[in-house]
Each structure stands twice: as C-alpha cells, then as structure tokens.
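> model the structure of this input:
(chains A, B, C and D)
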Amino acid sequence: MARALINIPPKAKRGEIITIRTLISHHMETGFRYTTTGTQIPRDIITTFVATYNGEEIFRADLFPAIAANPFITFTTVATESGTIALSWSGDNGFAATEQVQITVE
Amino acid sequence: MRRAVLFAAMLAVIGSLARASDLPPDKQRSSYQDMAPATRAMQDADTDNPAMLWVLDGEALWQTKAGNAGRACADCHGDAKQSMRGTAARHPAFDEKLNAPVNLEGRINICRTEQQQTAPLPYESKELLALSAYVALQSRGLPIESRDPRLEPAISAGRAEFMRRQGQLNLGCVHCHDQRFGEKLAGSTIPQGHPNGYPIYRLEWQTLGSLQRRLRNCLTGMRADNYPLGSPELVALETYLMRRARGMTVESPAVRP
Amino acid sequence: MTLTCKHDEIGAPKASRRDALRLIGAAAVGSTFATLRIQPLSASPAEMRTALERITDGKPVTAGRVKLEIPPLVENGNTVPITVTVESAMTAADHVRAIHVVTEKNPQPNVISCRLGPRAGRAMVSTRCRLSDTQNVIALAEMSDGSFWSDSVSVIITLGACLEDLI
Amino acid sequence: MRLSVIPLVTLILSAAPTAMAQDALRPYTIDGDAISTSLTGEDGDPARGREIVANRLVGLCVLCHSGPFPEAPLQGTLAPDLKGAGTRWSIGQLRLRMVDSSRVMPDTIMPAYYRIDHLVRVAPAFRGKPVLTAAQIEDVVAFLATLKE
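Next up is the predicted model:
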C-alpha cells in the first residue's frame, strides 16, 4: 500500500505558476546495503515520476537510490486550463501508483 | 469528592516542588528550536511532513472494523478529532485494572484486545505507528499534562532510571539531557530529550518511530543492556519524561534529525 | 490546497520485519550507506565525472545560472533537502530542458534527473536525498540551446553519535 | 536474536584487537594521581593512538573532546580540548585518566576505559570487557603525550 500526499491549489488564475508538492510512501531500498549476516538487500526503489496535465506530460524525473525514503518532489507548472493533473510513480518490482487532482483555472 | 481532588492537587504541587531541581519548566526547550530551518520546515507543513503518510493510514484504520467484536475505533470513540483531543498529552496514563501507567501504544492495544477482541499490534509495526500518530495528532498544540497522583510511583522509578549511570560507558540520561543540552556530542546538538513530538519521523531512521525506540537508541549508545519494547521500565521512563516536560506543547507527529 | 490519499498495492515482495530492523540498525551506524564500510563501495570523483560526461555528452559545462540550495551543515545524511533553481525565461524559445543532481562520494553518483520545459513557468525542483558522506554535490542544467550550466555545493554531514540496537 | 551493530562495527573498524572477555585486566599501581608503569610493559605507538582517538567508533574520544586532529570531523564540546594535553599531564597522569578518570574526578562523565567492575546493566556484548585494551590505551597515551601545544 502506497500513500501519497499531494499539494496542488484547487483553483488558479490562467497563466499563474503553481507549485506541485508530492510525497509518497516508499522505503527506497538502495541495493547497496547488506544485512548483518552479509546478505545483499536487493534494490527496491521508485525509478520514475511523471506528471501530466490534461494528458500532456509537463514534468518527468528519473530517481536513483540516493533519493531518500518516502520521496518528496516539488516542481512548478503554468495553470493553463481547468482539468486533471495526474501524477504517477513507477519502479522496481512492478511498483505503480497514480494520483489525479482536479484544478479549476479561471 | 472535592476534598479528594484537592488532596490530589496538593500531592501534585508537592511532587513538582520536590523536583524543582531537575529541569525547571522555564528552562524547557523543545528540540524543534535547535533544528535546522530545513528540518523545521519539514515539520511545519503537513504536506511536507512524511509522518502525515502514517496519519493517513491511522485515519483509515480508525474507521476499519477489526477483531471478533467487529468494531472499529470509531464505533466506540466516534470522531477522533473530538474524542482523542488531549489523549496523547496525558499518556502514559494510570490504568486502574493494571494498577500501572499505560502509554499510548499500550492503550491502543488494550482497546484491541478488550474491545475489538483481536491481537495486539507489535511495537513499531506500521499499524501501531499509524494509529498512535493519528491519535497523537489530535493533541497537537496542547500542553503536556502530568497531574494524576497515581502516576507518582512510576515517575519516581522513571526518574531513578534517568539519573542512574549505566552501561559500559557508565552514563546516565541526566548527564547529557539535564546537564549538557545545547553542547555538541560529536556534530549533533544535545537535546533536552523531551517526549513532546512522538511518534517522530526521524531523518536518520527515514521512518516513523516511537519514544521507546528512541530511548533504546540512547541506551544502546551508552552500551547498556536494553529494555524490551513495551517493558515497564521504559513506560516508567516515559512517565517521568512527561512529568519533566509538563506544560510543553505537543508537536506530534514531529520531525527530528 | 488538496490533500489526497490513496492505496495502491505494491507488487514488491515485502522484506521480513527482521530484515527491516537490521537495515534500521545498519543505517543508524551513521548514514544510509554505513554498511558500505563493511563492503566498501563508493563512487570516486572520477565516476562522478563519468556520470557528468554521460549527461553532457562531453559538452562544456559553465558555472552559473544554476542555484543549488543545500544546508551547508546537514543534520542527517539520510534525508537532505535540496532545491535547484535555474535562471531562465522558460519560454518556448529559451528554457531549461533538464536538471540533474550528481554527487561525488555516494555509491552511485546520480541522484535525480528531471525533464521539464516551458510549461513549468519556472525552473525549480526540490527533493530530499541521501548523502553518504561529507562531499560535493553538483546541480546541472541543460538549456534549450544545448548549453550546460552548473552549481556545486560542499556539504558537511553530521553523523549520529548514538547507535541503534537491533531488536 | 539480539545482534548488536556496535560490536560488529567495532570489530571491523578497529585495526587493533578487541579485548576478549576472558582476558583479565592487567594489574596496575596508582601512585598519587598517576599510573607510572605501562600497562603492557611497552611503550605505545603514537600513530596508532592517533587513529584510535580520531575514530569515533573505537576511541569515542571525539564524541566529547575536540583536539588538533583535523582528520576527525565534527568534534564534541562536552569535555576539555585535548590540545596541549601532553603539556598539562605527564604520561603517568594521562594513563590514569584513561584507565579510570573517576579516580581523580569522581563526578566525571568520562568513561573508565580500563575498568570492568562497578558498572551497572552493561550490554551483553560489552560485559566483562574494558572500552579499550591495555595496548590500545598505551597507544592513546603515547599519542596524547605528543600533544604539546
């Protein structure tokens, strides 16, 4: 179960630059660690984050093991029109999570 | 009845006077005040605080029916925003049946075994952290209380534990957290060690953790034999720490380095 | 402001609780990569250069236009807030195409690579990263004209003094 | 299953041997505020001593003390700066302060590095062992004696 915290203003003026803040629960196991008995712990991270605005990609990030657990990503976009901002995370072991937030642009 | 209350209040006053030499309330300092601005910012905004991911889980668990009784927390307690307001600020609280103080995690587990009729949640499990974070959030901004005179024996026991030297390094909690807070232990500023933000999202852990987990960190650092999670010794230490922190503002779920 | 939450099933096999606690213990020795002391593994500045060259394809990088914000003294290397901003008009003709962050001493130099464009309005990205040691961190911006700009910050990592026992 | 990270890391990180539980502490004699004779009968190695002092997981010194060894970052402020320790104290005085500083300062927070009695609730991994071995203490003492200014 992955939980996400997303902060997007529900309303914005056309042309306004809005900040999108995201936080998702994930342990981001680096793959560089070993248990005390010497067994390597396999990598298990989120590798990709994509944001779309009414279907068009507005931001994308490749994440590496150096991203802290419970990844936090903040970026900006211009509020162009009312609609849906979709955020999706994908990664190792088939991890996939998607969130959609509606925005009203006046 | 009124006399009993008065007597209890007197006991509490006497208790606090007797301990005036420990850490005077006017010297109390939350480690929030010593945190870097970036770490404070993480705690200040709920959408930046990773602990809120656990709160969301806790909020869902609060509504989830469990156990043979098929009851959710909400079935008895209703809206946690009202019913749980102040609960974390006065735990550990005295439990009459057990004749001992019970911390917030213990209280949740008593509800699970007695009311929901299901297994208690293990310490540091995602579920117990989630529920305790959700309940503790309802006390955010309230002052820590420690008034119940029945807690005095545990407070004394916890205080003794706090004061005594132990472990291979032969240190007591008191040496760092009462006598040397603000100094640097290696690169880290020594905090006063208050329980006002638990469960905390600790940057070092990269996860949420309980006060008992944190206490065990210190005991390990002292190279002392550790107390098991949930042990009466750790609950007594928690009870003393709450007395020592009385009046301080609950920050739960806080972010700490 | 909206606050949304959702459940999603992770396909990943769950590590056992004991494993998880071992990790916690290992991490608490000082930093995320503390167990690397046992199995030495870290990127060298040369590996960082290679990572940078892979990003720039050998094109020159100029210091400037990029601002990398990291607290100079970090309280714990396991969760380090970083923000990168780039001076740019962010128009169709002149904008930032990508922002990358790389480190000198982490076991793998790359931290994050972001692709953006004029729709971002501003060239700004924030995240939280892990830094295994006191080291230099470099932010790199790729402009729409193909030029590369950078900023570098030296970060001191405080190590926890008290260790965590395993349960 | 209660493995501790500390002994593991200590074992791996310390070049010098870790004291074994079966090793009885070597006897020593306190003269005034000093132990004049080497615990091992030999002189310590200041270079090895410097490594122990600078290693926060072995000597632990820099957790509390600062000193003129820049290779150890983030030094503590809980205890006196070690700069000039070799001028302030004789080798014998340094040795006693390492072995058991409570002999000269009963309220000190400095652990006794070579004492296994009168300790309470020591973790199993450290029970019956001093913080440093006799040889390590001699190395540290030899290094501290070089800190003349």
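> C-alpha from now on. contacts and neighbour counts both.
OK.
> which positions in chain A make contact with chain D?
By the rule C-alpha under 8 Å from any C-alpha of the partner chain, the part of chain A lying against chain D is residue A:36.
> ranges for the helices of the stretch 51-200 of chain B?
Counting by DSSP state H, counting those that start in this stretch, residue ranges of the helices within the stretch 51-200 of chain B are B:51-62, B:73-77, B:80-83, B:104-110, B:126-137, B:152-163, B:173-177.
> what does chain D give?
Ranges of helices within chain D are D:5-13, D:46-54, D:61-64, D:85-88, D:91-100, D:134-144, based on DSSP state H.
> what values do phi and psi take at residue C:107?
For residue C:107, the backbone dihedrals (degrees, to the nearest 10) come out as phi -60, psi -30.
> JSON lines for the helices of the stretch 51-200 of chain B, including mean pLDDT, distance to residue D:44 and mean neighbour count?
Formatted as JSON lines, the helices of the stretch 51-200 of chain B follow (pLDDT from 0 to 100; distance: least, C-alpha to C-alpha, whole Å; neighbours: other C-alpha atoms under 10 Å in any protein chain shown):
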{"stretch": "helix B:51-62", "mean pLDDT": "98", "distance to residue D:44": "51", "mean neighbour count": "22"}
{"stretch": "helix B:73-77", "mean pLDDT": "98", "distance to residue D:44": "65", "mean neighbour count": "15"}
{"stretch": "helix B:80-83", "mean pLDDT": "98", "distance to residue D:44": "65", "mean neighbour count": "14"}
{"stretch": "helix B:104-110", "mean pLDDT": "98", "distance to residue D:44": "52", "mean neighbour count": "20"}
{"stretch": "helix B:126-137", "mean pLDDT": "98", "distance to residue D:44": "51", "mean neighbour count": "25"}
{"stretch": "helix B:152-163", "mean pLDDT": "97", "distance to residue D:44": "37", "mean neighbour count": "20"}
{"stretch": "helix B:173-177", "mean pLDDT": "95", "distance to residue D:44": "32", "mean neighbour count": "19"}
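> neighbours of the spatially closest residue to residue A:65 that is not a sequence neighbour, how many?
Nearest non-adjacent residue to residue A:65, counting by C-alpha to C-alpha, 6 or more residues apart in numbering or on different chains: residue A:30, 4.7 Å away. Neighbourhood size, residue A:30 [other C-alpha atoms under 10 Å in any protein chain shown]: 21.
> quick one: residue A:30 and residue B:242, what's the gap?
37 Å (C-alpha to C-alpha, to the nearest Å).
> what does residue A:17 give?
46 Å.
> so for the two, which residue has more residues nearby?
Using other C-alpha under 10 Å as the criterion, residue A:17 and residue B:242 rank with residue B:242 on top: 23 against 17.
> ok, now which ones touch that one?
By C-alpha atoms under 8 Å, 6 or more residues apart in numbering or on different chains, residue B:242 lies in contact with B:91-92, B:144-146, B:194-196.
> show me where pLDDT drops low in chain D?
Chain D contains residues with pLDDT under 70 at D:1-23.
> change it to 50
Across chain D, the ranges flagged by pLDDT under 50 are D:1-22.
> before we move on, what about chain A?
For chain A, no range has pLDDT under 50.
> past the helix-or-strand element of chain C with minimal mean pLDDT, which element shows up next along the chain?
In chain C, no helix or strand scores lower on mean pLDDT, DSSP states H and E than helix C:17-28, which sits at a mean of 32. Following helix C:17-28 in sequence order, the next helix or strand is helix C:45-56 (DSSP states H and E).
> which strands or helices does that following helix pack on?
When contacts are defined as 3 or more C-alpha pairs under 8 Å, 6 or more residues apart in numbering or on different chains; DSSP states H and E, helix C:45-56 sits against strand C:96-103.
> name every strand pairing with the strand it packs on and say which way it goes.
The strands that strand C:96-103 pairs with in its sheet are strand C:110-115 (antiparallel), strand C:135-143 (antiparallel) (by DSSP bridges).
> so the helix or strand that the first one is followed by, near chain B or not?
Spelled out, it's strand C:110-115. Using DSSP H and E, the helix or strand that follows strand C:110-115 in sequence is strand C:123-129. No. Using C-alpha under 8 Å from any C-alpha, strand C:123-129 never reaches chain B; the gap is at least 10.4 Å.
> which residues touch strand C:123-129?
With C-alpha under 8 Å, 6+ apart as the criterion, strand C:123-129 contacts A:66-68, A:71-76, C:77-88, C:90, C:96, C:111, C:116.
> got the buried residues for stretch B:221-240?
In terms of neighbour count (16 or more other C-alpha atoms under 10 Å in any protein chain shown), stretch B:221-240 has its buried residues at B:221-226, B:229-230, B:232-240.
> in a helix, that's where residue C:62 is, yeah?
No. Under DSSP: H, G, I helix; E, B strand; the rest coil, residue C:62 falls outside any helix and is assigned strand.
> quick check: closest non-adjacent residue to it.
residue C:149 (4.7 Å).
> do residue D:56 as well
Distances taken as C-alpha to C-alpha, 6+ apart place residue D:62 nearest to residue D:56, at 5.9 Å, with adjacent residues excluded.
> same check, this time on residue D:130
residue D:114 (4.8 Å).
> count of neighbours near residue B:68?
Counted by other C-alpha under 10 Å, the residues lying close to residue B:68 total 11.
> what's the pLDDT at residue C:152?
At residue C:152, the model reports a pLDDT of 96.
> now do it against chain B, distance only.
19 Å (C-alpha to the nearest C-alpha, to the nearest Å).
> spit out the contact partners of residue B:194.
Counted by C-alpha under 8 Å, 6+ apart, residue B:194 has contacts B:30-31, B:241-242, B:244-245.
> between those, which is nearest chain A?
For these, the residue nearest chain A by C-alpha to the nearest C-alpha is residue B:31; the value is 22.4 Å.
> excluding sequence neighbours, find me the nearest residue to the closest one.
residue B:191 (5.5 Å).
> and residue B:95, by the same measure?
Closest to residue B:95 by C-alpha to C-alpha, 6+ apart is residue B:101, at 5.7 Å.
> report the beta-bridge partners for that neighbour.
The partner residues for residue B:101, given DSSP bridges, come to residue B:94.
> pLDDT weak spots in the stretch 1-150 of chain B?
Checking the stretch 1-150 of chain B against pLDDT under 50 turns up B:1, B:11, B:13-21.
> how about the residues of it near chain A?
B:47-48, B:50, B:52-53, B:56-57.
> phi, psi for the most centrally placed residue in chain B please.
Closest to where the C-alpha atoms of chain B average out (C-alpha atoms, centre = their mean) is residue B:195, at 4.8 Å. For residue B:195, the backbone dihedrals (degrees, to the nearest 10) come out as phi -90, psi 20.
> that one reaches residue B:211, doesn't it?
Yes. Look at residue B:195 against residue B:211 with C-alpha atoms under 8 Å: they come within range, at 6.7 Å.
> who touches both of the two?
Common neighbours of residue B:195 and residue B:211 (C-alpha under 8 Å, 6+ apart) are residue B:238.
> so where's chain C shaky on pLDDT?
In chain C, residues with pLDDT under 50: C:1-40, C:165-167.
> for residue A:105, name its beta-bridge partners.
residue A:12.
> burial check on residue 78, number of neighbours?
This is for chain A. 20.
> wrong one, chain B
14.
> try residue B:67
15.
> now that it has come up, it's in contact with residue B:118, right?
Yes. Between residue B:67 and residue B:118 there is a contact at 4.4 Å, judged by C-alpha under 8 Å.
> mutual contacts of these two, please.
With C-alpha under 8 Å, 6+ apart as the test, residue B:67 and residue B:118 both reach residue B:112.
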